[in-house]
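>>> What follows is a protein structure lacking sequence information:
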């Protein structure tokens, strides 16, 4: 334990397959992050599009869309104030295909999305006593998806951990924890793919998160 530390250019396909780096013209820098608590109301998409590199001019006039499963092709509108394409409250499905089109510039890719993340131990609102030994933290995925990245944080104890792929529980040394009425565990589980049709550094990710509060004595 350490302390702390979509598709080749057939963009009009109607369904989303498994994770794919996709294709494109190699002219756009795109970072797309889809996050959710597993619900429609808690789903968000944030997409940045730039000319030619990560430092290029922001592209404001692209058509950016996602689709997959029960989610039909859905346009992500541009927010001028944040210089980002942003969408909230969309159906969280098993996988998403991203499409970015601006004139002759194109990019696509696909990502498998984790299901809802749920922390099952400790129980929210429960009391953990350090004298009882190591704290068991255990979680599950609503669709039994294994993610490439899992990040866990205990807020009051200031512990941040990167969890090995496939691991769904861990024990925390009681000496690492601090007495507090509102310790919070925050868990983020993410899949990510590098987008082959964009310039270097272009990525598409999808992740779900969950947090609980409990008492440490």
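Good, I have the coordinates. Not measured: the values here are computed from a predicted model.

>>> quick check: domain ranges of the protein?
As recorded under automatic domain parsing, the domains making up the chain are 28-114+193-206, 117-191+209-216.

>>> who wins for proximity to residue 22 among those?
Closest approach to residue 22 among these is made by domain 28-114+193-206 (3.3 Å; Cβ to Cβ). For glycine as for every other residue, the C-beta is placed from the backbone atoms N, C-alpha and C.

>>> so how far does the closest one reach from one end to the other?
20 Å (Cα to Cα, to the nearest Å).

>>> Out of the domains of the chain, flag the one nearest residue 21.
Among those, the nearest to residue 21 by Cβ to Cβ is domain 28-114+193-206 (3.8 Å).

>>> pretty sure residue 175 is in a helix, no?
Yes. Counting by DSSP: H, G, I helix; E, B strand; the rest coil, residue 175 is located in a helix.

>>> For it, which non-adjacent residue is closest in space?
Distances taken as Cβ to Cβ, 6 or more residues apart in numbering place residue 130 nearest to residue 175, at 7.7 Å, with adjacent residues excluded.

>>> So what's the gap between stretch 192-201 and the chain middle?
Relative to the chain's own centre, stretch 192-201 is displaced by 16 Å; criterion: Cα atoms, centre = their mean, to the nearest Å.

>>> distance between the ends of it?
End-to-end distance of stretch 192-201: 12 Å, with Cα to Cα as the criterion.

>>> Identify the residues contacting that stretch?
Residues from elsewhere that reach stretch 192-201, judged by Cβ atoms under 8 Å, 6 or more residues apart in numbering: 9, 19-31, 52-54, 98, 106-111, 148-149, 202-205.
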